[in-house]
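In: take this sequence and fold it.
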Amino acid sequence: MVHWARFRLVATVLAALALAAPGSASALDMPSPCVQEGLGKSILVTLNDAVAANNFTVFHAKISKPFRDQFPPDKLRTIFKDLIDKHAVFDAVVAKPIIADDEAKVDEKGVLRLKGHFDTTPKQVKYQLGFIPSDGAWKLSGVTIDIE
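Out: Numbering: from 1, shown residues only. Now for the predicted structure:
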């Protein structure tokens, strides 16, 4: 059974990370829609687990190196305190298809931008995710989650 918090929450962590090395964005091709969905769902479920356990160690390990350097697990816990305090649960996203609100793109700074939502009830989960090439893969560099 999924328990949804009765609130509208916007938890935002946006690391303005134009820190990727010059030319590193070309090292990775634009991921397919299937891979994009996997990236989005994987990081959101990992965030959900971190919030539920009040432990951001695994979430921290899955994010980009510049993001890891800027946001250690304790700082991530502080950033997502509202989600923790309200016992937000949004793991239902894994069973729902992603609905893109904008076309996925790699911007001029080499950040893969994904924006969309999941048609979950009673609350809809909206997200904006940024990924940069890090450790040879697309890794999270910014996240916004809105549960309404």
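In: what does the longest helix along the chain contact?
Out: In the chain, with assignment by DSSP state H, the single longest helix is helix 33-53. Applying C-beta atoms under 8 Å, 6 or more residues apart in numbering, the external contacts of helix 33-53 come out as 31, 56, 58-59, 62-63, 76, 80, 83-84, 87-91, 93-94, 97-98, 104, 112, 114, 116, 125, 127, 129, 131, 138, 140, 143, 145. Any C-beta I mention is one placed from the backbone N, CA and C, and that applies to glycine too.
In: if we go to 7 Å?
Out: 31, 56, 58-59, 62, 80, 83-84, 88-91, 93-94, 98, 104, 114, 127, 129, 131, 138, 140, 143 (C-beta atoms under 7 Å, 6 or more residues apart in numbering).
In: narrow the residues you listed to those in strands?
Out: Leu114, Tyr127, Leu129, Phe131, Trp138, Leu140, Val143 (DSSP state E).
In: quick check, nearest of the residues you listed to Arg68?
Out: Relative to Arg68, the closest of the ones in strands among the contacts of helix 33-53 is Leu140; by C-beta to C-beta it sits at 9.6 Å.
In: output the below-cut-off pLDDT ranges for the protein.
Out: Applying pLDDT under 70 to the chain flags residues 1-27.
In: so where do the helices sit in the protein?
Out: Under DSSP H, the chain gives helices at 33-53, 57-61, 65-70, 73-79, 81-85.
In: and of those, who's closest to Thr121?
Out: It is, among those and with distance given as C-beta to C-beta, helix 33-53, at 16.4 Å.
In: as CSV, could you dump the C-alpha coordinates of that closest one?
Out: What follows is helix 33-53, C-alpha atoms only, in CSV (Å, rounded to 0.1, in the frame of the first residue of the first chain):
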residue,chain,number,x,y,z
PRO,A,33,13.7,6.9,-24.5
CYS,A,34,13.9,3.5,-22.7
VAL,A,35,17.2,4.4,-21.1
GLN,A,36,15.9,7.9,-20.2
GLU,A,37,13.0,6.2,-18.4
GLY,A,38,15.4,3.9,-16.6
LEU,A,39,17.5,6.8,-15.5
GLY,A,40,14.5,8.8,-14.2
LYS,A,41,12.8,5.9,-12.4
SER,A,42,16.0,4.5,-10.9
ILE,A,43,17.1,7.8,-9.4
LEU,A,44,13.6,8.7,-8.1
VAL,A,45,13.1,5.3,-6.5
THR,A,46,16.6,5.6,-4.9
LEU,A,47,15.6,9.0,-3.6
ASN,A,48,12.3,7.5,-2.3
ASP,A,49,14.3,4.8,-0.5
ALA,A,50,16.7,7.4,1.0
VAL,A,51,13.8,9.5,2.3
ALA,A,52,12.0,6.4,3.8
ALA,A,53,15.2,5.2,5.5
